[in-house]
Structure formats: structure tokens, C-alpha cells
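3D, please:
(one chain, ligands or ions: 2)
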Amino acid sequence: MSENEINLFIERNLTNFSVNSTGWNELIRKLLYEFALAGWNMEYRVFGKEKFGELRCYTYSEDEILNNKLKNIKDKYSKLSVKTCEICGSEGKMRAIGSWQTTLCLDHFLEQQPVIEIDDKQNIKRNNESVLNSKDIAKAEIEYDLQSLWLYTHHEESFYFSWQEPNYYLLLRSVPLSVFPEENQNEISAIFQDLRNCEICGYKAVHQRNCLRCHHEPWNDSGYFIQDYGEKSNYIKECQMDIFIDEDDYEKYFKHDRSFEKSPGHQILFTSEELSEYEKLLF
Ligand SMILES: [Zn+2]
Ligand SMILES: [Zn+2]
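Ligands and ions are numbered 1, 2, ... in the order given. Sure, this is the predicted structure:
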């Protein structure tokens, strides 16, 4: 078995892997290389695909000893694939984009995520493309506790927006109240009239019992909070450290969100020592 034969085997089988892009090609090459070294008959084809953000290889052997070796190789590369961006091959992690799972680096994740913008001519844009102008909105509807918004134009076109997109509340605020059904108008205007400061994230974004920016519940003296955290500052510190660590990259995604004002005098309560202790508990 020569190096050249193995290389030909690898290149021939690379295309049997049904993957979204080229970011995993190096992993697939290495997997095939290990298959060849393990004793796989290189005249047979090897098949695999991406499923739920993970590389899966479906080829197996009737020979039990060989099959065990193949299984270890397949497991190893499946585990590496969920740490490798499917598009570019850089370090990545499993992410949910809408309803599908995919493994992406931060840049490619952000690139795929929708971002709402409203320019000074009142064009509503998504990912830098104009979707509609505020003047064209004929009707608006709100669903799920104000977390999703439908906008309809005079030409019966409809557009959907969700609170999971940066600038959603900026958009909600900029839609004229008169296009909403009468029964929702008070509720919508009330949100923006009574926003309170969030001691956790430092935005003026607390509505009822939830911060619309960081999604934490403000501290209150109820049994649950006292029981779990003892005192208020412990709770605020822990929430602030979660935001700072930003494990799911939410803060990086929402970096340019302009929905809420920053509250002056906001303070970070945790110390760097407390952060290191907390990280040790988490990872
Ligand atoms: Zn990438
Ligand atoms: Zn907050």
C-alpha cells in the first residue's frame, strides 16, 4: 500500500461525503487515511454526511476486528467535527440557526444570523438589504407576548420579525401605533413608557418581570431568590459573569443592538478573582 494509492483513495472518496461546505475536508481526509491504515479495502467506497451539525460516517466492515477499529476512528472524527467550522475549518461550536443545528466559528455564525437595521430614511433592512419602508406598512400584528411581529404592506406582502434578532425592539418602537389592532396599542406603547434600569446588564430595558435586553429577571425578595443566592449582590454578580463569559455568543451577536439606552452609573459588581473561581465551576 503506497502513499500514492492512499492519496488516490482519499481524493476518490472525499466526494462521497455529503457536507454543507469544505470546512471539514481535512477531517474527512484524515479519517480516510486512518481507514486505509486500519486495513480497509481501498477498492470499496466510504460514505458519510453531515447530520445535526456532526460528521457521520456510515461505512462499516463485516470483519469484527476491523469494524471495531473503524468505529473508533469514526467516533474520533465525529467528536472533532463538532468543534470545527463546517465552512472554513476554524475552531467552531454547535449552534442553532433557526431550527437547524450546525457547527460554525463565530464569524460564520454571525454572518448567517439575521440583523435588523432601520436607516434614517425609515427603510427597514435585514442583513443590509432593504426589506420595506415604514411608510409602506398597512397593517401590523403582534404575537407571543410581543415577541414576534408581522408587518403587511399595501400590496399584501408580509414580513416576519422576531425578538431573537438584534434591533427588534427598535423596530417595534418605530412602527406607527395606528397600524396595530386597537386592542394591542396600549400594551405596545406601555412597554416603552415604563422601562426600568437593569442592574445586571446596564440597559434601560426592564419590562414587568423581565429584562428585554439580557433576559434576566430583576432581583426580588421572594423565597426563590433568597434561597438560591442569599443576597441580591450574589445574584447580580452571577448574572453579570454569565453575560461577560458569553458562552453562547449572544452578547457578540447583540453588540450593535440599539433598542435600549444605557443606564448611567451602571456597575460591574464581580471581581476578576470571582470570575476565575466561577469559570472553574463552569468549565
Ligand atoms: Zn468559519
Ligand atoms: Zn438586563
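
list the contacts for the residue lying closest to Leu80 once chain neighbours are set aside?
Excluding its sequence neighbours, the residue lying closest to Leu80 (C-beta to C-beta, 6 or more residues apart in numbering) is Leu27, at 5.7 Å. Just so you know, the C-beta spots here come from the backbone N, C-alpha and C atoms, and that holds for glycine as well. The contact partners of Leu27, by C-beta atoms under 8 Å, 6 or more residues apart in numbering, come to 55, 77, 80-81, 84.

Which of those sits closest to ligand 1?
Closest approach to ligand 1 among those (C-beta to the ion): Thr84, at 8.9 Å.

burial of the closest residue to that closest one other than its chain neighbours, as a residue count?
Nearest non-adjacent residue to Thr84, counting by C-beta to C-beta, 6+ apart: Gly92, 5.5 Å away. Neighbourhood size, Gly92 [other C-beta atoms under 10 Å]: 24.

I'd say Gly92 and Cys85 touch.
Yes. At 3.6 Å, Gly92 counts as touching Cys85 under the criterion of C-beta atoms under 8 Å.

Next one: Asn16 from Phe9, what distance?
Using C-beta to C-beta, to the nearest Å, Asn16 is found at 11 Å from Phe9.

Please report how far the residue nearest to Thr84 lies from Lys204.
Using C-beta to C-beta, Gly92 is found at 35 Å from Lys204.

before we move on, back to that, can you pull the residues that touch both of Gly92 and Cys85?
Listed as contacting both Gly92 and Cys85 by C-beta under 8 Å, 6+ apart are 23, 103-105, 108.

and Gln267, what is it in contact with?
Neighbouring residues of Gln267 by C-beta under 8 Å, 6+ apart: there are none.

where's it, which helix or strand?
Counting by DSSP states H and E, no helix or strand carries Gln267.

Show me the strands in the chain, by range?
Under the criterion DSSP state E, the chain contains strands at 17-18, 48-51, 54-57, 93-97, 100-104, 116-118, 123-126, 129-133, 137-143, 148-153, 158-162, 196-197, 204-207, 210-211.

what's the closest of those to ligand 1?
With C-beta to the ion as the criterion, ligand 1 lies closest to strand 100-104 of the strands of the chain, at 5.7 Å.

More neighbours: which of Asn16 and Phe9?
Ranked by neighbour count (other C-beta under 10 Å), Asn16 and Phe9 place Phe9 first, with 22 against 16.

Distance of the more buried one relative to Leu27?
Phe9 sits 16 Å away from Leu27, going by C-beta to C-beta.

any idea how far Ile137 is from Ser178?
Applying C-beta to C-beta, the value for Ser178 to Ile137 is 10 Å.

Get me the contact residues on the stretch 151-283 of the chain for ligand 2.
Within the stretch 151-283 of the chain, the positions near ligand 2 by C-beta under 5 Å from the ion are 198, 200-201, 211, 213-214.

farthest pair in the residues you listed?
Greatest spatial distance among those (C-beta to C-beta): Ile200 and Arg213, at 9.1 Å.

by contact count, what packs against the longest helix along the chain?
In the chain, taking DSSP state H as the definition, the longest helix is helix 64-81. Helices and strands touching helix 64-81, by 3 or more C-beta pairs under 8 Å, 6 or more residues apart in numbering; DSSP states H and E, are helix 25-38, strand 54-57.

could you redo the ones you listed as JSON lines and give each row distance to ligand 2?
Formatted as JSON lines, the helices and strands packed on helix 64-81 follow (distance: least, C-beta to the ion, whole Å):
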{"stretch": "helix 25-38", "distance to ligand 2": "39"}
{"stretch": "strand 54-57", "distance to ligand 2": "34"}
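
looking at these, which is buried most?
strand 54-57 (a mean of 20; mean count of other C-beta atoms under 10 Å).

For that one, what is the distance to the chain centroid?
Here the centre of strand 54-57 is set off from its chain's centre by 21 Å, with C-alpha atoms, centre = their mean, to the nearest Å.

Which neighbouring elements make contact with that strand?
helix 25-38, strand 48-51, helix 64-81.

quick one: pLDDT of Asn127?
Looking at Asn127, its pLDDT stands at 84.

what does Arg213 give?
pLDDT, read off for Arg213, is 96.
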